[in-house]
Structure formats: structure tokens, C-alpha cells
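**Q** Mind looking at a prediction? Sequence and model below.
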Protein chains: 2
Amino acid sequence: MATPPHPRERILDAAEALFFQRGIAVTGVDQVAASAGVAIVTLYKHFGGKDNLLREVLARRLDEWTRHWDAAVAAADSPVRRLLAVFDAVETFRAEAGPTQWCCFLATASERPAPPDGRADPVLDLVEQDTRLVTGRLAGLAREAGCADPDAVAAMLLLLYNGVLSSLLRGVPADPVASARAAARLVVDSAVGTRPQR
Amino acid sequence: MATPPHPRERILDAAEALFFQRGIAVTGVDQVAASAGVAIVTLYKHFGGKDNLLREVLARRLDEWTRHWDAAVAAADSPVRRLLAVFDAVETFRAEAGPTQWCCFLATASERPAPPDGRADPVLDLVEQDTRLVTGRLAGLAREAGCADPDAVAAMLLLLYNGVLSSLLRGVPADPVASARAAARLVVDSAVGTRPQR
DNA sequence: GTTACGCCATAACGATCGTTATACCGAATG
DNA sequence: CATTCGGTATAACGATCGTTATGGCGTAAC
């Protein structure tokens, strides 16, 4: 159970670990296959190529992240706590997903240039899908929490959210989630207009 | 004056633009030379290679950023405004530096894996130098502003700072600096314990 | 037993990329 | 005029990488 028997899962795990710990472009397909204990041919049998592999890794990640966030929101027992549940989800997700260095989607957006013509890139589409998910949910939860200006609150929380993910690259602050929670509480308390309901 | 006559500056400008708009690994040396209107040999005459070119781009950028931040701090007329001057500096720096997509240092840290052995990487050293600069200054300014817990405030502001830089990748929020300023004001006001001195 | 299937190992291909060598040109300097 | 210097153009090298082809090995199904 430590290593899933199916080679497909092992490839996805290895790709996720290598892509977002060391970088997507610098990680060769052979390294992914070797890390998964799988032949290169098997990788190409399951996924069509590197781009498709990256696409499936991102899709799986987006799915797991959505589930984590859903669970964290469901576990919260007040509208304000539901709004702040993003950071709980980040913490539990990172604890379970392992030592992935930083955000898959930001890493992909960073390394992958937009195609010159107006054509769409299926990989970058997943990044934008994640962006829409985060922004939309934050705005909705802010509205339900009774914030005076939900969009402004969502923008500030999104800033803290992106800050957490990118702070993993700098290594500082040491506990980005804790700092983000503290800052988010100040933002939300100010917007709701009530004192914190510890 | 639009295009500096010295090819060295043109190469640095072109490399900065391409590296951090499209990605470092995916940008070839030939593209940099072509964009600078310079032969590849000239690029290798001035800089020893791609790594050294990247190093000089980062060094120049760190220098300019330090100057901008210094100026913004000097222009502020209260300790709290000096603490918040980071975001003024980000705005003026981005307005002057041109359409660079996002933070050079985070992009470099994202694409460049740490060397496996304990050896030091001169490029990643510059990234860490930038990290130390930002964290150290924020903590010092927070202390001078009379914050109750300067390190905690610095951590939250660093989070917002990283959030601004990485939000440029997502494209949202539309005006990250404005949102960061609003959130930072809430954080600092709460830490100083006084009402905002508009 | 034979067939089919999933996987592995090896090798090779085309392409890109970082880097260097060679030869040429023009202007400034003596 | 000769020389030197900074720049250009072209070509080539080695290396890496994404991708594919070939052939062989085990296991489960019929």
C-alpha cells in the first residue's frame, strides 16, 4: 500500500513529485519513469507524452484540492470560519500530498509560455480553471459571510493564498499558513465588522 | 535613448524580458541574442554563458529594486508609512521596469533545482540574497513602526508581498498592489494599536 | 499449450540547445 | 597604410531530450 501496485498511479506520483520539486522543464521523461520504477515505453503507453502526463497530473491535483477544500468548508461551523477554511485545506492538503515544493498551477504558469497565436493550451486551461475555482469560491464564501465588499475581501484573501503558495519557494516565513491565517482573520474581522468569534 | 547603444545593456534588457515573460529554461540563448539585435558570439564575449547572463540580470534587478525601495522609504513621512512603502516601491518599480511578467527571483527559484550535493549555486545565492533583503528590511521597519510583534507583522507583510508577485501569474486580482495595500494597512493598524493616520 | 497482454530493456531518430571555432567586415588608432 | 578591436555571420560540436521502434520475458486466459 505504500507504493500503489498500478504503474499508472506510480507514474503520476513520480511526475508530481519531480515536476514540482525540481521543475517541469528540467525534469526529463526518463527521470520520471526511473523514479516510478517503470520503463519509458510504459509511460508512453499510458499517457501520450509529457504534455499529456502533466495535464493528468494537474487534473488529479485539482480534483484532490477541491475535495480537501470542500471537506474543510463542511467541517467549519460558521460562515466566517467557512471563509477562512481555505487555509485549513492548504494545511491538510500539504500534509497529505507529501513534500511537493510549491503550487503545481503557479509552477506551470511560470514555466509555460502562452502560445503565440490565440490558440488554447490544454495545460494552461487547467491552470486557469484552478484560478477561477479559487477566486469564485472565495468571493462566494465572502458573500455568505456577510462581508461588506465581498470582492475586495476575496481579492485580499486570494493575495494571502497566493502568498502562502509562493512563500514555499522562498522558505520564509517558516510557517506561511499560520501567518496567512492571522492576516486573514484581521481582514475578515474588519470586513464583517464584528469581533472574532474564537 | 529608447534602445541603449551599448550591446551589453541591450542583451541584459532582452534577457530580462524574455526570461521572466516566457520562462528561463524555454528561452534559448539565440532568442535572447536575436531579440537584442546582437550576434550570439557577442553575447558569449560579454557574458560567459547563460548562467552568468542570468546571474547578471538578477544582480542588476536586485540593485534596482533596492534603490526603488530606498526611495519609497525615504519619501514616506511616518514609521507606519515607511513600513507600508514596500508596495509603493513595487508599483513604481513595475511601472518603470516594463512588462516583466512576474518576480525574477521567484521564477528562478521555481525553475532551478538546488544542486544535489551541498555545493552552492551562484544564481540561487542571489535569490536567497533577495529573500534576506526583503525579510530583514520588513522586520526592521516593523520594529521601527512600533509593532507589538515585529517578526509576526513582517511575516504577514512578506506573505502579502509574495502574494502580489505571484498574483501576476494568475492575472487575478486585477490590481494586486491595491489589495495588498488594503490588507497591509489592516495588519499594521492592528499591530500598532492605533487608528490609521490617513 | 498457445495465445494475448502488459511490461521491460535497448537502441535509435530527429530536434533543440548551449557552446565554440572560423572567417569576415568596419571603424578607430598609430 | 597597417593594425587592432568590437561586432557579425555561418557552421559545427556535443549533449540532452522527447519520442518511437524492435525484440524479449513473464503471467493469465482460453
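**A** The structure has been received and is ready for your questions.
**Q** contacting residues around residue A:30?
**A** residue A:40 (CB atoms under 8 Å, 6 or more residues apart in numbering or on different chains). C-beta: built from backbone N, CA, C; applies to glycine.
**Q** can you tell me how far it sits from residue A:43?
**A** Distance, residue A:30 to residue A:43, using CB to CB, to the nearest Å: 9 Å.
**Q** Could you pull up phi and psi at the most centrally placed residue in chain A?
**A** By CA atoms, centre = their mean, chain A has its centre lying nearest to residue A:103, at 5.1 Å. With angles defined as degrees, to the nearest 10, residue A:103 sits at phi -60, psi 130.
**Q** Next, the nearest residue to it once chain neighbours are set aside: secondary structure please.
**A** Excluding its sequence neighbours, the residue lying closest to residue A:103 (CB to CB, 6 or more residues apart in numbering or on different chains) is residue A:165, at 3.8 Å. With DSSP: H, G, I helix; E, B strand; the rest coil as the basis, residue A:165 sits in helix.
**Q** Helices of chain A, residue ranges please.
**A** Using DSSP state H, the helices of chain A run over A:7-22, A:29-36, A:40-46, A:50-75, A:79-97, A:104-111, A:122-144, A:150-170, A:176-192.
**Q** orientation of the last one relative to helix B:176-192 in degrees?
**A** For helix A:176-192 against helix B:176-192, the angle between stretch directions is 90 degrees (axes from the mean of the first three to the mean of the last three CA atoms, to 10 degrees).
**Q** what's the residue nearest to residue A:103 in contact with, if anything?
**A** By CB under 8 Å, 6+ apart, residue A:165 lies in contact with A:90, A:102-103, A:106, B:166.
**Q** if we go to 7 Å?
**A** A:102-103, A:106, B:166 (CB atoms under 7 Å, 6 or more residues apart in numbering or on different chains).
**Q** Tell me the pLDDT of residue A:6.
**A** pLDDT recorded at residue A:6 is 87.
**Q** Quick one: neighbours of it, just the number.
**A** 10 (other CB atoms under 10 Å in any protein chain shown).
**Q** Tell me the residues of chain A that contact DNA strand D?
**A** A:26-30, A:40-41, A:44, A:48-51 (CB under 7 Å from any atom of the strand).
**Q** The residue nearest to the centre of chain A and DNA strand C, how far apart?
**A** 25 Å (CB to the nearest atom of the strand, to the nearest Å).
**Q** Kindly state the pLDDT recorded for the residue of chain A found nearest chain B?
**A** Proximity of chain A to chain B (CB to the nearest CB) peaks at residue A:163, 3.1 Å away. We have a pLDDT of 98 for residue A:163.
**Q** Ok, residue A:112 next?
**A** According to the prediction, residue A:112 has pLDDT 96.
**Q** cool, residue A:154 as well?
**A** pLDDT, residue A:154: 98.
**Q** Flag the shaky bits of chain A, pLDDT-wise.
**A** Across chain A, the ranges flagged by pLDDT under 70 are A:1-5, A:194-198.
**Q** Flag every residue of it that's near chain B.
**A** A:22-23, A:25-26, A:106-107, A:109-113, A:131, A:135, A:152, A:155-156, A:158-160, A:162-167, A:169-170, A:172-173, A:176, A:179-180, A:182-183, A:186-187, A:190 (CB under 7 Å from any CB of the partner chain).
**Q** Now list the buried members of the residues you listed.
**A** Among these, those scoring as buried are A:22-23, A:106-107, A:109-113, A:131, A:135, A:152, A:155-156, A:158-160, A:162-167, A:169-170, A:172-173, A:176, A:179-180, A:182-183, A:186-187, A:190 (criterion: 16 or more other CB atoms under 10 Å in any protein chain shown).
**Q** next one: stretch A:185-193 to chain centre, how far?
**A** On the basis of CA atoms, centre = their mean, to the nearest Å, stretch A:185-193 sits 25 Å off its chain's mean C-alpha point.
**Q** likewise stretch A:64-78?
**A** Centroid separation for stretch A:64-78 versus its chain: 14 Å, with CA atoms, centre = their mean.
**Q** which residues are in contact with it?
**A** A:82, A:85-86, A:88-89, A:92-93, A:133, A:197.
**Q** picking up where we left off before, show me the contacts for the residue of chain A closest to chain B.
**A** Residues in contact with residue A:163 (CB under 7 Å, 6+ apart) are A:180, B:159-160, B:162-163.
**Q** Next one: residue A:60 from residue B:52, what distance?
**A** Going from residue A:60 to residue B:52 by CB to CB gives 39 Å.
**Q** Leaving out chain neighbours, which residue sits closest to residue A:160?
**A** That would be residue A:180: by CB to CB, 6+ apart, it lies 4.5 Å from residue A:160.
**Q** got a list of what that neighbour touches?
**A** Residue A:180 neighbours (CB under 7 Å, 6+ apart): A:87, A:160, A:163-164, B:159.
**Q** Could you dump those residues into TSV with distance to residue B:74 added?
**A** Formatted as TSV, the contacts of residue A:180 follow (distance: CB to CB, whole Å):
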residue	distance to residue B:74
A:87	36
A:160	29
A:163	26
A:164	31
B:159	25
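**Q** Close to DNA strand C: what parts of chain A are there?
**A** Applying CB under 7 Å from any atom of the strand, one finds that chain A approaches DNA strand C through A:6-8, A:37-42, A:45-46.
**Q** Just the buried ones from those residues?
**A** The neighbour-count criterion (16+ other CB under 10 Å) marks A:7-8, A:38, A:42, A:46 among these as buried.
**Q** Among these, which one lies nearest to residue A:148?
**A** residue A:8 (48.5 Å; CB to CB).
**Q** leaving aside the residues next to it on the chain, what's closest to that closest one?
**A** Residue A:8 sits nearest to residue A:46 (CB to CB, 6+ apart), 5.1 Å away.
**Q** ok, now residue A:96?
**A** residue A:68 (7.8 Å).
**Q** that older thread, export the residues of chain A next to DNA strand D as a markdown table, with columns for distance to residue A:14.
**A** Output for the residues of chain A next to DNA strand D, formatted as a markdown table (distance: CB to CB, whole Å):
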| residue | distance to residue A:14 |
| --- | --- |
| A:26 | 15 |
| A:27 | 10 |
| A:28 | 12 |
| A:29 | 11 |
| A:30 | 11 |
| A:40 | 12 |
| A:41 | 16 |
| A:44 | 15 |
| A:48 | 17 |
| A:49 | 16 |
| A:50 | 13 |
| A:51 | 17 |
